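S.K.: Here's a sequence, model it:
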Amino acid sequence: ALMLGLVGVRYLLVPQLDNLRPYLEQKITEQTGLHVQMQELKGSWQGWNPHLSITQLSVTEPGQAPMLQLPSLQAVISWKSLFSGSLQLRQLDVQGLTIPIRRDSQGQILVMGQRLDMNDDSVDTSPQAWQGPVRWLLQQRGVRIQGTSLQWQDDLRGAPALKLPSIELQIGYRQGWHEVGLATALPTNLGESVALALRVQGQRRLPEHVDVMGLPWEMTVQAKAVDTPALRPWLDIPAALDRAWVDLHAQASQADAAPSIQMQLLAQLRDLAVRTEHEERVQLEHAVVELEGSLSDMQALVQGKASDDVQWAVTMDGLGLRIPDLFAQHVGVDQLKAQGTAHRDELARLGLNTMMVNVRNADLDAQLSGNWREDGQFEAGVADWTGQFQYLNLAALVNYLPLTVTPLAREWMQAGLVQGAVT
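M.R.: Numbering: from 1, shown residues only. Model (predicted):
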């Protein structure tokens, strides 16, 4: 019976697919309520696997503009699908897909003309509801979508349309990992590219009893040469940020049965400038920022809640500060390297511990270590530092004291340390 079924499909059904196209269009339309049209439907074979080719596929709601238009779709379907009752793709190539997404003036999201209601209680959004779709997606052997464009129209912000003209999606399986890759070039005025890679560890065929949402996973996001202020029409970028080019590498992972998501963040900043209405206050030629810790602790640090330690490291070259309400004069640093841990205690006070700082410019070359924490009684907080100076220009030391230091202490240093150096 199995062989007869395969022979029947191979020699009778697949070669006649284009003749069946009007019937298939009608049946899909009747079952979905959507008007489906295909300019051409061809069928052939790759070994024992049916190969389908669709040209100019269009899906439309009655009385509406097309919600989906595909110039070309190629699919190789596993022969096992004919008897398993589940579609199993060996290969899917989609060319020329356009996805319009819009947020209207009331804040509603529309994807390809269809309203996405995030507050619809009738839609099950629990992890269990995603088991079936995620399991099916991960088990596909070779999905490749190329030449896709996405257009984001934000009427609520009144922003111009943002178009990503070249998106690629690939899904596959390699060496015990299910892999999903998404990449797009950015418009030339915004940056170079953005890429996302998701890897989920598991068997090639995931048994039904396996909780796919609990499998170990890793996700990496990369952004190259992003002109951060240029994103201001679509994102809330601080108005004072005048220039900043950013390369970002972020990785999140969760081991099997691990209670928390671990995060690693590496950001490189180039040619950064923070400018107020009247003058430039911060300049930075180059910087590298690294963070490592659990996602929940990073969120707690930002939200002002108690957290465990998050490791951090910063390297800066060519730092210039002109902040009249913090320093009396311009402060320039040729190179600064710092690392340590950050946390908030049970009272949500920020603390920086086990810090090691190397700072160098024309006036000093120092290695410092210690701790700092916020304190309600002292505006500048409480610090405990020890250090070693390879070089220190004593007369310039007062220039590096913040204005939170008492005027008496500043005047004493200015009058008492008029020249000399420590080496």
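S.K.: how much space between the closest residue to Leu321 other than its chain neighbours and Gly181?
M.R.: With sequence-adjacent residues excluded and distances taken as CB to CB, 6 or more residues apart in numbering, Leu321 is closest to Val331, at 4.3 Å. Every residue, glycine included, has its C-beta placed from N, CA and C. Separation of Val331 from Gly181 (CB to CB, to the nearest Å): 44 Å.
S.K.: Likewise for Leu57?
M.R.: Separation of Leu57 from Gly181 (CB to CB) stands at 24 Å.
S.K.: Which one's more surrounded, these two?
M.R.: The residue with more neighbours, out of Leu57 and Gly181, is Leu57; 20 against 16, by other CB atoms under 10 Å.
S.K.: Bridging across strands, which residues link to the more buried one?
M.R.: Beta-bridge partners for Leu57, by DSSP bridges, are Met38, Leu70.
S.K.: Let me see the contact set for it.
M.R.: By CB atoms under 8 Å, 6 or more residues apart in numbering, the contact list for Leu57 reads 36-39, 68-70, 73.
S.K.: Farthest pair within those?
M.R.: Greatest spacing in these, by CB to CB: Gln39 and Leu68 (14.2 Å).
S.K.: what ranges do the helices span in the chain?
M.R.: Ranges of helices in the chain, per DSSP state H, are 2-8, 17-32, 81-84, 131-138, 295-303, 407-416.
S.K.: What distance do you get for the residue nearest in space to the middle of the chain to Gly181?
M.R.: With distances taken as CA atoms, centre = their mean, Val221 lies nearest the centre of the chain, 4.9 Å away. According to CB to CB, Val221 and Gly181 sit 12 Å apart.
S.K.: again with Asn19
M.R.: Relative to Gly181, Asn19 is positioned 38 Å away (CB to CB).
S.K.: Contacts for stretch 284-297, please.
M.R.: By CB under 8 Å, 6+ apart, the surrounding residues in contact with stretch 284-297 are 252, 260-273, 298, 307-320, 343.
S.K.: likewise stretch 351-365?
M.R.: The contact list for stretch 351-365 (CB under 8 Å, 6+ apart) reads 309, 332-345, 366-374, 389-393, 396-397, 399-400.
S.K.: Distance of Ala267 relative to Val246?
M.R.: Ala267 sits 6 Å away from Val246, taking CB to CB as the criterion.
S.K.: quick one: which of these two has more around it?
M.R.: Val246 (19 against 15).
S.K.: Which residue is the nearest non-sequential neighbour of that one?
M.R.: Nearest residue to Val246, sequence neighbours excluded (CB to CB, 6+ apart): Val226, at 4.8 Å.
S.K.: Buried ones in stretch 256-268, by neighbour count?
M.R.: The neighbour-count check on stretch 256-268 (16 or more other CB atoms under 10 Å) flags 262-263, 265-266, 268 as buried.
S.K.: who's in contact with the residue nearest to the centre of the chain?
M.R.: Going by CB under 8 Å, 6+ apart, Val221 touches 194-196, 248-251.
S.K.: possible to save these as a markdown table with neighbour count?
M.R.: What follows is the contacts of Val221, written out as a markdown table (neighbours: other CB atoms under 10 Å):
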| residue | neighbour count |
| --- | --- |
| Val194 | 19 |
| Ala195 | 15 |
| Leu196 | 16 |
| Leu248 | 16 |
| His249 | 15 |
| Ala250 | 16 |
| Gln251 | 16 |
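S.K.: Strands - which of those land there?
M.R.: 194-196, 248-251 (DSSP state E).
S.K.: Tell me, please, where in the stretch 51-200 of the chain the pLDDT is lower than the cut-off.
M.R.: Counting by pLDDT under 70, the ranges of the stretch 51-200 of the chain that qualify are 81-87, 117-130.
S.K.: As a check, name the ranges of all strands in it.
M.R.: 66-77, 89-95, 98-103, 109-111, 114-116, 143-154, 162-174, 177-185, 193-201 (DSSP state E, counting those that start in this stretch).
S.K.: Any chance of TSV for these, columns distance to Tyr23?
M.R.: What follows is the strands of the stretch 51-200 of the chain, written out as TSV (distance: least, CB to CB, whole Å):
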stretch	distance to Tyr23
strand 66-77	19
strand 89-95	23
strand 98-103	28
strand 109-111	30
strand 114-116	26
strand 143-154	27
strand 162-174	31
strand 177-185	35
strand 193-201	39
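S.K.: May I have the beta-bridge partners of Lys224?
M.R.: Listed by DSSP bridges, the beta-bridge partners for Lys224 are Ser193.
S.K.: my bad, should have said Asp93
M.R.: When bridges are called by DSSP bridges, Asp93 pairs up with Gln74, Arg144.
S.K.: How about the contacts made by Gln222?
M.R.: 193-196, 248-250.
S.K.: how about a cut-off of 10 Å?
M.R.: Applying CB atoms under 10 Å, 6 or more residues apart in numbering, we find Gln222 in contact with 183, 193-197, 247-251, 266.
S.K.: which one of the residues you listed is nearest Asp104?
M.R.: Comparing the contacts of Gln222 against Asp104 with CB to CB places Val194 closest, at 25.2 Å.
S.K.: Show the contacting residues for Ala338.
M.R.: Ala338 neighbours (CB under 10 Å, 6+ apart): 312-316, 352, 355-359, 368.
S.K.: of those, closest to Glu379?
M.R.: The closest of those to Glu379 turns out to be Leu352 (CB to CB; 16.3 Å).
S.K.: So Asp256 sits against Val200, correct?
M.R.: No: proximity of Asp256 to Val200 does not meet the contact threshold set by CB atoms under 10 Å, at 11.3 Å.
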